[in-house]
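Dropping a prediction and its sequence here:
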Amino acid sequence: MTLQTWLLFCVTETILSLIPGPAVLFVLASALRGGFSRGTLASGGILASNAFYFGLSATGIAAVIVASHSLFSAIKWAGAAYLVVLGLRMLLSRPAQAGEPVPQAARRGERVFWRAFVVQASNPKALLFFIALYPQFISANAPLGQQILILGGSSIVLEFMVLSGYSALAAQARNVAGTRFSSLLERIGGGVLIAAGARLAWIRG
């Protein structure tokens, strides 16, 4: 892998990370409700899921899953259902209060990481993304393992920076606008997650 190839990968990864999707929306909604720390936890869950998918694509398992129509469809329907359920929870949940007990807030903080992980992992399009994109930047004349580590590490760092930026903006909006406006945006996010789940279910596997 040449320096030019790596730089091109970094630019491509950054642009794709900036495009809003269910993962970005979940991070925004988390930061709007719980501040930057909760947005960071959500970002960690998204990145952990990306690392998982990256490992699958590196070992070729992802290609097997995509080739299996029934398995791919099962992941798609499970992911669509979870997105809808998660969206409904956002729509129906009560707004976070400033005086909320610490233990309850801590439990919610722990759950947000795994919810973010499932949001990203339940989208089978992520499998297609990793299968289609990363091989384009891997050279057959260089050690495969080293290139996978470089691309995977670069991807995680770049996407973390992008998600952190989104989280910081949402947390700042929460601080400036107050709880009522943040709650409204969270419910909008829930509606968009429901729409994303419906769209995912509509996609033909």
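Sure thing, it's come through.

ranges for the helices of the chain?
According to DSSP state H, the chain carries its helices in the segments 3-18, 22-34, 36-59, 61-67, 69-92, 102-121, 125-133, 144-177, 179-202.

want to try a markdown table for those, with mean neighbour count and mean pLDDT as columns?
C-betas here are computed from N, CA, C, even on glycine. Below are the helices of the chain laid out as a markdown table (neighbours: other Cβ atoms under 10 Å; pLDDT from 0 to 100):
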| stretch | mean neighbour count | mean pLDDT |
| --- | --- | --- |
| helix 3-18 | 14 | 89 |
| helix 22-34 | 26 | 80 |
| helix 36-59 | 21 | 86 |
| helix 61-67 | 15 | 64 |
| helix 69-92 | 17 | 78 |
| helix 102-121 | 16 | 73 |
| helix 125-133 | 17 | 72 |
| helix 144-177 | 17 | 87 |
| helix 179-202 | 17 | 71 |
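
Nearest residue to Phe9 in space, ignoring adjacent ones along the chain?
The shortest distance from Phe9 to any residue other than its chain neighbours is 4.5 Å, reached at Phe137 (Cβ to Cβ, 6 or more residues apart in numbering).

and what of Ile156?
Using Cβ to Cβ, 6+ apart and skipping residues adjacent in sequence, the residue nearest Ile156 is Leu47, 5.3 Å away.

Fine, thanks again, bye for now.
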